[in-house]
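Colleague: I need the structure of the sequence given here:
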Amino acid sequence: MSVAEQEYNHMFGKDPYSVPLEDYDVSQPELFYSDTQFGFFERLRKEAPVHYCKDSENGPYWSVSSYEHILEVENNPKVFSSEPSITLVDPEENFDISMFIAMDEPKHGDQRRTVQGIVAPTSLATMEPIIRERIGEILDALPANETFDWVDKVSIELTGQMLATLFDFPFEERRKLTYWSDVATTIPGPDALIQSIEERQNILLTECLPAFTELWNQRVNEPPKGDLISMLAHGKETRDMGPMEFMGNLMLLIIGGNDTTRNSLSGGVYFLNQNPDQYEKLRNDHSLINTMVPEIIRYQTPLTHMRRTATEDYVLNGQNIKKGDKVAMWFISGNRDAKHIDQADDFIIDRPRPRQHLSFGLGIHRCMGNRLAEMQLRVAWEEILKRFDKVDVVGEPVRNFSPFVRGYAELPVQLRPLAK
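Modeller: Below is the predicted model:
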């Protein structure tokens with residue numbers, strides 16, 4: 001590890017109270033890779049719910065860790081802008097891809113409305129039997145009496161099939177969508193999926209963009225259809241997008257359609273194994289799926305944070321945020337705030353108010369596909385419980401090396417079929 005890496009990783013493996021608050025940098029990916037971040041956020045909520053990090057790999061930034069202050073930031077888009085980026089990483093030089101989640105009004109709303117119809121109630125009702133059939137086929141093809149990777153065989157496969165449907169992308173090439181999503185969100189490094197920022201840019205520009213441009217050119221010359229590419233190609237606010245804006249919105253829709261469902265489906269299996277009393281509740285009462293699904297999404301928090309940029313000076317909890325400052329709303333911390341969520345650190349599948357969480361964001365930027373994500377997870381668990389008495393986790397998961405996407409690279413499991 002280089003001197004620079006040691007400097008930026010100074011919290012890894014430490015007791016949260018042994019590190020001075022002024023040295024806190026909760027954006028270090030090692031914390032999330034090792035799943036040791038929660039103690040640091042607990043201390044921030046208690047002692048510095050609006051905290052200034054004077055230095056990190058991505059420069060100085062503010063951490064907002066309490067539920068109430070995240071609400072204050074998220075509900076004030078005039079002061080806290082989504083431009084130029086929703087992560088602490090600034091747009092890459094000569095690769096400034098624009099996406100509507102990283103835009104302010106009115107352009108954000110105009111572009112969002114163009115594609116929002118794909119998750120309208122009528123569209124979801126049409127998709128549900130398709131999802132049910134596919135998850136059934138995936139589950140029926142799983143190996144019996146042997147260890148396999150749930151992430152690869154189930155979570156990635158289901159979300160890849162769903163993404164292919166949403167984009168009307170060639171079904172046999174659906175794994176490309178997951179791959180491009182991972183390329184876009186991976187932190188480059190010697191042992192990572194990509195080794196450099198330049199490699200990321202090259203893959204997206206020479207593989208992803210040409211593939212979707214070909215689909216765009218097909219759809220623009222056809223009557224409008226119900227898939228995302230057709231919606232973008234024919235939408236008044238999006239049909240004249242340049243290549244980089246098209247790329248940006250593709251990445252937003254691919255990542256958004258991938259990460260929540262994929263990582264929550266893996267997380268749910270892991271959490272139930274960590275909490276056998278909750279698994280027993282579920283096995284005895286399958287109707288608890290309806291409250292379990294939002295609880296999984298809260299407990300997982302697939303996207304740990306969203307960044308905003310201050311457009312003017314602002315005082316938040318007595319702290320003077322200056323115009324131009326980066327502000328990170330740590331949803332993963334707000335979702336564990338006991339002041340607003342009872343027994344917030346516990347996984348409870350029959351909570352009275354299970355949707356009281358921040359995983360989908362709030363306000364004008366609330367996740368467009370939240371009901372689709374919940375529906376996929378609900379259907380998946382309905383089909384799992386029809387087939388298996390238990391999905392046993394037989395080893396520790398390998399987690400993502402990322403402070404943004406909280407997820408799983410591997411989760412070893414074995415299936416316990418229902419007794420006949």
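
Colleague: Tell me where the stretch 201-350 of the chain has strands.
Modeller: Taking DSSP state E, counting those that start in this stretch, the strands of the stretch 201-350 of the chain run over residues 305-310, 314-316, 319-321, 326-330.

Colleague: Throw the ones you listed into a markdown table and include mean neighbour count, thanks.
Modeller: C-betas here are computed from N, CA, C, even on glycine. Rendered in a markdown table, the data for the strands of the stretch 201-350 of the chain read as follows (neighbours: other Cβ atoms under 10 Å):
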| stretch | mean neighbour count |
| --- | --- |
| strand 305-310 | 23 |
| strand 314-316 | 15 |
| strand 319-321 | 16 |
| strand 326-330 | 26 |
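
Colleague: Make JSON lines from those strands and add mean pLDDT and distance to residue 109 to it.
Modeller: As requested, those are arranged in JSON lines below (pLDDT from 0 to 100; distance: least, Cβ to Cβ, whole Å):
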{"stretch": "strand 305-310", "mean pLDDT": "96", "distance to residue 109": "17"}
{"stretch": "strand 314-316", "mean pLDDT": "98", "distance to residue 109": "23"}
{"stretch": "strand 319-321", "mean pLDDT": "98", "distance to residue 109": "25"}
{"stretch": "strand 326-330", "mean pLDDT": "98", "distance to residue 109": "20"}
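
Colleague: Tabulate the ones you listed in TSV, adding columns for distance to residue 402.
Modeller: Formatted as TSV, the entries for those read as follows, by distance: least, Cβ to Cβ, whole Å:
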stretch	distance to residue 402
strand 305-310	11
strand 314-316	26
strand 319-321	25
strand 326-330	14
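
Colleague: Out of the ones you listed, the one nearest residue 212 is which?
Modeller: Ranking the strands of the stretch 201-350 of the chain by their distance to residue 212 (criterion: Cβ to Cβ) puts strand 305-310 first, at 25.0 Å.

Colleague: Please write out the alpha-carbon positions of the closest one in PDB.
Modeller: Output of strand 305-310 as PDB, limited to C-alpha atoms (Å, rounded to 0.1, in the frame of the first residue of the first chain):
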ATOM      1  CA  HIS A 305     -25.300   8.200  -0.600                       C
ATOM      2  CA  MET A 306     -26.200  11.000  -3.000                       C
ATOM      3  CA  ARG A 307     -24.200  14.100  -3.400                       C
ATOM      4  CA  ARG A 308     -25.500  17.600  -3.800                       C
ATOM      5  CA  THR A 309     -23.500  20.800  -4.400                       C
ATOM      6  CA  ALA A 310     -24.400  24.000  -2.600                       C
END
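
Colleague: So what's the gap between that strand and the chain middle?
Modeller: For strand 305-310, the distance from its own C-alpha centre to the chain's C-alpha centre is 15 Å (Cα atoms, centre = their mean, to the nearest Å).

Colleague: now do stretch 162-171
Modeller: Centre to centre, stretch against its chain (Cα atoms, centre = their mean), the figure for stretch 162-171 is 19 Å.

Colleague: now the end-to-end length of it.
Modeller: Criterion Cα to Cα, to the nearest Å; first-to-last residue distance in stretch 162-171 is 10 Å.

Colleague: so for that stretch, what's the average pLDDT?
Modeller: Rounded to a whole number, the mean pLDDT of stretch 162-171 is 90.

Colleague: for stretch 182-190, same thing?
Modeller: For stretch 182-190, the per-residue pLDDT averages 88.

Colleague: follow-up on the earlier one: select, out of the strands of the stretch 201-350 of the chain, the one closest to residue 412.
Modeller: For the strands of the stretch 201-350 of the chain, the distance to residue 412 is smallest for strand 305-310, at 28.4 Å, taking Cβ to Cβ.

Colleague: Now do that closest one: which elements does it pack against?
Modeller: Contact partners of strand 305-310 among helices and strands, from 3 or more Cβ pairs under 8 Å, 6 or more residues apart in numbering; DSSP states H and E: strand 80-81, strand 326-330, helix 331-334.

Colleague: in its sheet, what does it sit against?
Modeller: Taking DSSP bridges as the criterion, strand 305-310 forms sheet pairs with strand 80-81 (antiparallel), strand 326-330 (antiparallel).

Colleague: residue ranges with poor pLDDT in the chain?
Modeller: Residues of the chain that meet the criterion pLDDT under 70 lie in 1-9, 95-96, 98-104.

Colleague: can you point me to the longest helix in it?
Modeller: Criterion DSSP state H: the longest helix present in the chain is helix 243-274.

Colleague: Name the helix or strand for the closest residue in space to residue 170 that isn't next to it in sequence, please.
Modeller: Leaving aside its sequence neighbours, residue 170 sits nearest to residue 164 (Cβ to Cβ, 6 or more residues apart in numbering; 7.3 Å). In this assignment (DSSP states H and E), residue 164 forms part of helix 157-167.

Colleague: The residue nearest to residue 170 contacts residue 176, correct?
Modeller: No: counting by Cβ atoms under 8 Å, residue 164 sits too far from residue 176 to count as a contact (9.3 Å).
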